[in-house]
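**Student:** Got a predicted model here, sequence first, then my questions.
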Amino acid sequence: MLTSVEGIYKDGKIELLEEPADVREARVIVTFLPAASSPEPAPQGSIDLRARGMGEAEAANLRARLKAFAEDWEREDMRAYDAPMHDRDSERAALEEKLAQEIAA
């Protein structure tokens, strides 16, 4: 299995920006990237999958598998799961009241 980690080359040395998981000693291939391709910080609320050891192919596979759940996640009644714990009771009560009104109508 190949493992990729990001690093910086400077003055003849490579400094890794993250510790590779479960690697004590290994041969390496160093690929120099153009300076303009340095990664931008992940948008707030997103997860940096590279920092967690997941490559592009694995991320694409994960996105494809999770896509089936996207419609459910986007439903209004699912917002209660995104709220902090102290807000969930009030969110739940509001949803129950809305449901009761829809049933009564």
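**Tutor:** In hand now; what should we look at?
**Student:** And the helices in the protein, which stretches?
**Tutor:** Using DSSP state H, the helices of the chain run over 56-73, 85-104.
**Student:** mind giving me a markdown table with those and columns for distance to Gly7?
**Tutor:** The C-beta positions use only the backbone N, C-alpha and C, and glycine is treated the same way. Putting these into a markdown table (distance: least, Cβ to Cβ, whole Å) gives the following:
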| stretch | distance to Gly7 |
| --- | --- |
| helix 56-73 | 18 |
| helix 85-104 | 39 |
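**Student:** Please report the distance of the most centrally placed residue in the chain from Leu62.
**Tutor:** Note on the chain: the residue nearest the mean C-alpha position is Ile47, at 2.7 Å, using Cα atoms, centre = their mean. Using Cβ to Cβ, to the nearest Å, Ile47 is found at 10 Å from Leu62.
**Student:** circling back: can I get the helices of the chain in a markdown table with distance to Lys10, mean pLDDT and mean neighbour count?
**Tutor:** Shown next, in a markdown table, are the helices of the chain (distance: least, Cβ to Cβ, whole Å; pLDDT from 0 to 100; neighbours: other Cβ atoms under 10 Å):
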| stretch | distance to Lys10 | mean pLDDT | mean neighbour count |
| --- | --- | --- | --- |
| helix 56-73 | 26 | 85 | 10 |
| helix 85-104 | 45 | 78 | 11 |
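**Student:** Out of these, which is closest to Val23?
**Tutor:** Judged by Cβ to Cβ, the one of those that comes nearest to Val23 is helix 56-73, at 17.2 Å.
**Student:** Show me what the closest residue to Ile14 other than its chain neighbours is bridged to.
**Tutor:** Nearest residue to Ile14 in three dimensions, chain neighbours excluded: Gly7, at 5.0 Å (Cβ to Cβ, 6 or more residues apart in numbering). With DSSP bridges as the criterion, Gly7 is bridged to Leu16.
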